[in-house]
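Participant: what would the 3D arrangement of this be:
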Amino acid sequence: MAQPTGELLEPLPEDWQRGLAVVAHPDDLEFGAAAAVARWTEQGKEIVYCLLTSGEAGIDGMPPEQAREVREEEQRASAELVGVPTVEFLGLPDGLLEYGVPLRREIAAVVRRHRPEIVLTNNFRDTWDGAYALNQADHIATGRAVLDAVRDAGNRWIFPEQLVDGVEPWNRVRQVWAAASPQSRHGVDVTASFERGVASLRAHDAYLRGLGDGSFDPEEFLEGLARPVGTRLGVRYGAAFEVFRFDLF
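Facilitator: Have a look, this model is predicted:
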């Protein structure tokens, strides 16, 4: 997940109150963005997590139905560590997400229900490093669908069947922020909240134990991401984001 080096990052705006994070799997937010979430919840911001899948195909040695329960439990515990009390799982199939109208519909409904000002997602570029480290198909489909669903949510003639029981179109998402994108030009200082970010990744114990030979070190990994970003911000630790603006018109 290497980031571009040498270029200074512009600090993200923090004059907002409600955020919504939409990602494909449990652990996606914890691999880099959770420390930023901890910073924002400490400021009193309200952030909701929406997981499109339950990560049920993510542990080779565990049957999917068992993994679903374990990973949902770990994600709720992880979110609590960074001040996020609400975690939703849409139950879509892990590893099989496809960009298209059905996925846009699911995400637009979540946006309309929670009415965020800022939407977070993960890097959905083809690679993590802008060169060779290939991204995963679920991440790419999710990010592309998030961008379109944010726009869909504001149009009352798209998915009008959702506009019942007090649900209204929502066209006040200011920006979408994609964490750890190789095209990141913005960042946030997570020096004070870094340890909470590490703790939130450690909460995914069953998943992490299944990685490689079991020697994965969450703190070492996150520090390797956060230090270079911090250098580009002029701080110790940082988190980088690619910004997509919806507040220009």
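
Participant: and the helix or strand where L225 lies, which residues are buried?
Facilitator: In the assignment (DSSP states H and E), L225 maps to helix 218-233. Buried residues in helix 218-233, counted by 16 or more other CB atoms under 10 Å: P218, F221, L222, E223, L225, A226, P228, V229, G230, T231, R232, L233. C-beta: built from backbone N, CA, C; applies to glycine.

Participant: from the contact counts, what lies against that helix?
Facilitator: strand 186-189, helix 194-202, strand 238-245 (3 or more CB pairs under 8 Å, 6 or more residues apart in numbering; DSSP states H and E).

Participant: of those, which is nearest R172?
Facilitator: strand 238-245 (13.1 Å; CB to CB).

Participant: how far does the closest one sit from its chain's centre?
Facilitator: Offset of strand 238-245 from its chain centre (CA atoms, centre = their mean, to the nearest Å): 11 Å.

Participant: that strand pairs with which strands?
Facilitator: If you go by DSSP bridges, strand 238-245 pairs up with strand 175-179 (antiparallel), strand 186-189 (antiparallel).

Participant: and those: which comes nearest A34?
Facilitator: strand 175-179 (9.3 Å).

Participant: who touches the closest one?
Facilitator: 12-13, 29, 32-33, 36, 118-124, 143, 146-147, 150, 184, 186, 239-247 (CB atoms under 8 Å, 6 or more residues apart in numbering).

Participant: look at the nearest residue to E74 once chain neighbours are set aside and report its pLDDT.
Facilitator: Of all residues beyond its chain neighbours, the one nearest E74 is H204 (4.9 Å), with distances taken as CB to CB, 6 or more residues apart in numbering. For H204, the pLDDT comes out at 97.

Participant: and L233, by the same measure?
Facilitator: Per-residue pLDDT puts L233 at 98.

Participant: residues contacting it?
Facilitator: L8, L9, P11, G187, V188, D189.

Participant: least trustworthy helix or strand in the chain by mean pLDDT?
Facilitator: helix 205-209 (a mean of 93; mean pLDDT, DSSP states H and E).

Participant: thinking again about what came up before, possible to save the helices and strands packed on helix 218-233 as a markdown table with distance to W157?
Facilitator: Output for the helices and strands packed on helix 218-233, formatted as a markdown table (distance: least, CB to CB, whole Å):
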| stretch | distance to W157 |
| --- | --- |
| strand 186-189 | 33 |
| helix 194-202 | 39 |
| strand 238-245 | 23 |
